[in-house]
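Chemist: sequence plus the predicted model coming up.
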Amino acid sequence: MKIYKAKDYNDLSRKAANIISAQVIMKPECVLGLATGSSPIGTYKQLIEWYEKGDLDFSQVKSVNLDEYKGLTRDNDQSYYYFMYNNLFKDINIDMANTNVPDGTEPDSEKECARYEAVVESMGGVDLQLLGLGHNGHIGFNEPADEFPKATHCVDLAPSTIEANKRFFASIDDVPKQAYTMGIGTIMNAKKILLIVSGEDKAQILYDVVHGPITPQVPASILQLHKDVVIVADEAALSKF
């Protein structure tokens, strides 16, 4: 694991965007694995800025997103499709036909997970997978569990995740209780992984991910076994190192 220390969130966002930019420039038809949440927003803003300056061209890029809430339509402002469209896709020249997010409106979990897994495989895998880190060590929606889930699956969200998400909904009853997510095996198949971590509240879990035992109770700890992982974290998130 290579760890790059950033001064603050803005510096982290620039450094992460640099790594993604290099991937797009080196392989214009690359497959990017994308993440949602608060961590990558600054990274996406930086990519948009460089695109607007003419430094980046996304016209041949394909993308696959990590996850989507089960039960939310694409136009729901809390769906991850909506997030990606409004935080990145609408402001760059990516072909929307080349973007992929699990279909939250498909009620048949087995059918949707098999379909999405096939989509990822059909692209020849992911060149660069962007990840954030949950407070409990989750990546995608792979929550702490007794084993590492291999393929795309439907997950029951942990109470802590539902609690963390309730600020985005009118009431806790509106928060989706399930999500479709790439499995740990799918994530680990990516050629390169970029993990971005910000804030003192993530300092202990980041330390556990890098220095603790590899355990499905800390899903991101599996990244210790990947051959090419870059972690970009700010000083606050690295305060236990």
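Modeler: Looks like it arrived, so ask away. Computed from a predicted model, the values in this text were never measured in an experiment.

Chemist: buried set for the lowest-mean-pLDDT helix or strand in the chain?
Modeler: Lowest by mean pLDDT, DSSP states H and E among the helices and strands of the chain is helix 159-165, with a mean of 86. Buried residues in helix 159-165, counted by 16 or more other Cβ atoms under 10 Å: 161, 164-165. No exception for glycine: its C-beta is placed from N, CA and C like everyone else's.

Chemist: can I get it in CSV, CA atoms only?
Modeler: C-alpha atoms of helix 159-165 as CSV (Å, rounded to 0.1, in the frame of the first residue of the first chain):
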residue,chain,number,x,y,z
PRO,A,159,-28.0,0.0,11.8
SER,A,160,-25.0,2.4,12.0
THR,A,161,-25.2,3.0,8.2
ILE,A,162,-28.9,3.6,8.3
GLU,A,163,-28.4,6.0,11.2
ALA,A,164,-25.6,7.8,9.3
ASN,A,165,-27.8,8.1,6.2
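
Chemist: pLDDT of the next helix-or-strand element following it, averaged?
Modeler: Moving toward the C-terminus from helix 159-165, the next helix or strand (DSSP states H and E) is strand 178-181. For strand 178-181, mean pLDDT rounds to 97.

Chemist: what about the strands in the chain?
Modeler: Assigned strands in the chain, in chain order: 2-6, 31-34, 62-65, 67-69, 99-100, 128-131, 153-156, 178-181, 192-197, 229-234 (criterion: DSSP state E).

Chemist: to Trp50, which of those lies closest?
Modeler: Nearest to Trp50, of all those, is strand 31-34, at 14.5 Å by Cβ to Cβ.

Chemist: contacts for that closest one, please.
Modeler: 20, 23-24, 40, 61-66, 84, 88, 123-130, 182, 187, 190 (Cβ atoms under 8 Å, 6 or more residues apart in numbering).
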